[in-house]
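Participant: okay, sequence plus prediction incoming.
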Number of protein chains: 2
Amino acid sequence: MSPSPRADRHPGSAPVGAGPAVDAWESLLRSQVAVWRLLQADDVWDSVGVHEYDVLHTLHRTADDRARIRDLHREVLLSQPSLSRLVERMAEAGLVAREPDPGDRRGTVVVLTDAGDRARRRVGARHAESIRRVVGTSLDERELRALRILCDKLRAGATDPGRVSPG
Amino acid sequence: MSPSPRADRHPGSAPVGAGPAVDAWESLLRSQVAVWRLLQADDVWDSVGVHEYDVLHTLHRTADDRARIRDLHREVLLSQPSLSRLVERMAEAGLVAREPDPGDRRGTVVVLTDAGDRARRRVGARHAESIRRVVGTSLDERELRALRILCDKLRAGATDPGRVSPG
DNA sequence: CGGAGGTTCATGCGTTTGCATGGACTTCTC
DNA sequence: GAGAAGTCCATGCAAACGCATGAACCTCCG
């Protein structure tokens, strides 16, 4: 039954620093985990889950408070079926409304309701406060700006359709 | 039935830039989502889930390939019960071994097995390749270093126990 | 026009997650 | 030392997730 534990100390494994790209990504990931933990615990999410808020926030950022499920899917880290059901639940709760896309009858347009926007604003205010306390106290303003620029660039590169498989 | 959609365009809501801290965090989060999507899709995770690999990698980073569940919990973004069961499944799969902590009989020590380390190395090599392609092509070496330093600092601030609730 | 192929969303189903809780143990306090 | 308080891990259970798939629709091309 019991599997044998490793015998020797890593013999031919990679050193700690596995290149600048890997190091940077790992650091980004770990910091994201650490901050996220605090934000989730600290904030009062008021019966609005994190994913729900993400949807509300994403809708708000659009020009007219509405978006196709497909577009939401690009922003929210959730599988398409999960997002579909999340929207369904949010519609039942009155946070959003679902209507067919007149221009593409496959599509479902998700619209922010008044209740949804109230919830977004209420949670958003406290959430922003939380972020300022956690993130804003670790880095000064110049560093924050630099971090934002780097992440924007990283995101642009990762969203770029000119991404090819290594062939 | 149908909830009324929002009537007016956001009247008194916050402008796009909600402060440097919020902007930076949002950018970090979005870039993380974008990159993560590619890494998950692109890589061959070889029946080893992302969380599983995270545990294997975290164990490998320790001095002796072993760690308490409590310590793993600090690194992996997963609730304690979920992590507990994840470790249970990984033990059944032979990737890790569980043994009681001689120094603290409440504790469970998770040990990396040979099979687990093989899996880690196999997946890790391809995963690192993937990271270099996605992250390493978006930023140059100087930017990568800067990003790492900023994220390290951010993480240190978020891990710092001197974090107090606003009251 | 018509069919092949791609896109978009929803549903069935098994797995995984988180919350609440309990049991076992340690540490703190007097 | 004994009891109170805290820590650490596991389990019951409902909710949520992802994968595979299907139905409806759009688009491209002969």
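Facilitator: Perfect, I can see it now.
Participant: which stretches of chain A have low pLDDT?
Facilitator: Applying pLDDT under 70 to chain A flags the ranges A:1-17, A:160-167.
Participant: okay, now A:R70: neighbour count?
Facilitator: Counted by other C-beta atoms under 10 Å in any protein chain shown, the residues lying close to A:R70 total 14. All C-beta spots, glycine's among them, are computed from the backbone N, C-alpha and C.
Participant: from chain B, how far off is A:G19?
Facilitator: 6 Å (C-beta to the nearest C-beta, to the nearest Å).
Participant: tell me who's in contact with the nearest residue to that residue once chain neighbours are set aside.
Facilitator: Of all residues not flanking A:G19 in the chain, B:R132 sits nearest, at 6.3 Å (C-beta to C-beta, 6 or more residues apart in numbering or on different chains). Taking C-beta atoms under 8 Å, 6 or more residues apart in numbering or on different chains, we find B:R132 in contact with A:19, A:21-22.
Participant: at 10 Å instead, please
Facilitator: By C-beta atoms under 10 Å, 6 or more residues apart in numbering or on different chains, the contact set of B:R132 is A:18-22, A:25.
Participant: state the distance from A:R85 to A:E52.
Facilitator: 12 Å (C-beta to C-beta, to the nearest Å).
Participant: same drill for the two, tell me which one is more crowded.
Facilitator: Between A:R85 and A:E52, A:E52 has the larger neighbour count (other C-beta under 10 Å), namely 22 against 12.
Participant: does the helix or strand containing that one reach DNA strand C?
Facilitator: According to DSSP states H and E, A:E52 maps onto helix A:50-61. No: using C-beta under 7 Å from any atom of the strand, we find that helix A:50-61 stays clear of DNA strand C, coming within 9.5 Å at best.
Participant: now do that helix: which elements does it pack against?
Facilitator: Other elements packing on helix A:50-61 under the criterion 3 or more C-beta pairs under 10 Å, 6 or more residues apart in numbering or on different chains; DSSP states H and E are helix A:20-42, strand A:66-68, helix A:69-75, helix A:80-92, strand A:96-100, strand A:108-112, helix A:114-134, helix B:20-42.
Participant: for the ones you listed, could you give me a markdown table that also reports distance to DNA strand C?
Facilitator: Putting the helices and strands packed on helix A:50-61 into a markdown table (distance: least, C-beta to the nearest atom of the strand, whole Å) gives the following:
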| stretch | distance to DNA strand C |
| --- | --- |
| helix A:20-42 | 8 |
| strand A:66-68 | 4 |
| helix A:69-75 | 3 |
| helix A:80-92 | 3 |
| strand A:96-100 | 6 |
| strand A:108-112 | 4 |
| helix A:114-134 | 15 |
| helix B:20-42 | 14 |
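Participant: mind listing what A:L72 touches?
Facilitator: Per C-beta under 10 Å, 6+ apart, neighbours of A:L72: A:54-55, A:58-59, A:62, A:78, A:80, A:83-84, A:86-87, A:96, A:108, A:110.
Participant: neighbour-wise, which of these leads?
Facilitator: A:V96 (30 neighbours).
Participant: next one: that one from A:H51, what distance?
Facilitator: 13 Å.
Participant: shared neighbours of the two, anything?
Facilitator: What both A:V96 and A:H51 touch, as defined by C-beta under 10 Å, 6+ apart, is the set A:86, A:89-90.
Participant: just curious, which of these is nearest to B:A146?
Facilitator: For the shared contacts of A:V96 and A:H51, the closest approach to B:A146 (C-beta to C-beta) belongs to A:L86, at 36.0 Å.
Participant: wait, doesn't that closest one sit right on A:V48?
Facilitator: No: applying C-beta atoms under 10 Å as the test, A:L86 and A:V48 come out as separate, 11.7 Å apart.
Participant: what residues are shared contacts of these two?
Facilitator: The contact lists of A:L86 and A:V48 share A:V55, where a contact means C-beta under 10 Å, 6+ apart.
Participant: separation between A:D101 and A:V109?
Facilitator: 5 Å.
Participant: please read the previous query as pertaining to A:Q40.
Facilitator: 30 Å.
Participant: which one of those two is surrounded by more residues?
Facilitator: The residue with more neighbours, out of A:Q40 and A:V109, is A:V109; 18 against 12, by other C-beta under 10 Å.
Participant: and the more buried one, what are its bridge partners?
Facilitator: For A:V109, the beta-bridge partners are A:R68, A:E99 (DSSP bridges).
Participant: next up, the contacts around it.
Facilitator: Contact analysis of A:V109 by C-beta under 10 Å, 6+ apart lists A:66-69, A:71, A:96-103.
Participant: quick one: buried ones out of those?
Facilitator: Among these, the ones that count as buried by 16 or more other C-beta atoms under 10 Å in any protein chain shown are A:66-69, A:71, A:96-97.
Participant: what's the burial count for A:R74?
Facilitator: 13.
Participant: quick check: it touching A:T159?
Facilitator: Yes: at 8.4 Å, A:R74 counts as touching A:T159 under the criterion of C-beta under 10 Å.
Participant: now the common contact residues for these two.
Facilitator: Common neighbours of A:R74 and A:T159 (C-beta under 10 Å, 6+ apart) are B:33-34, B:37.
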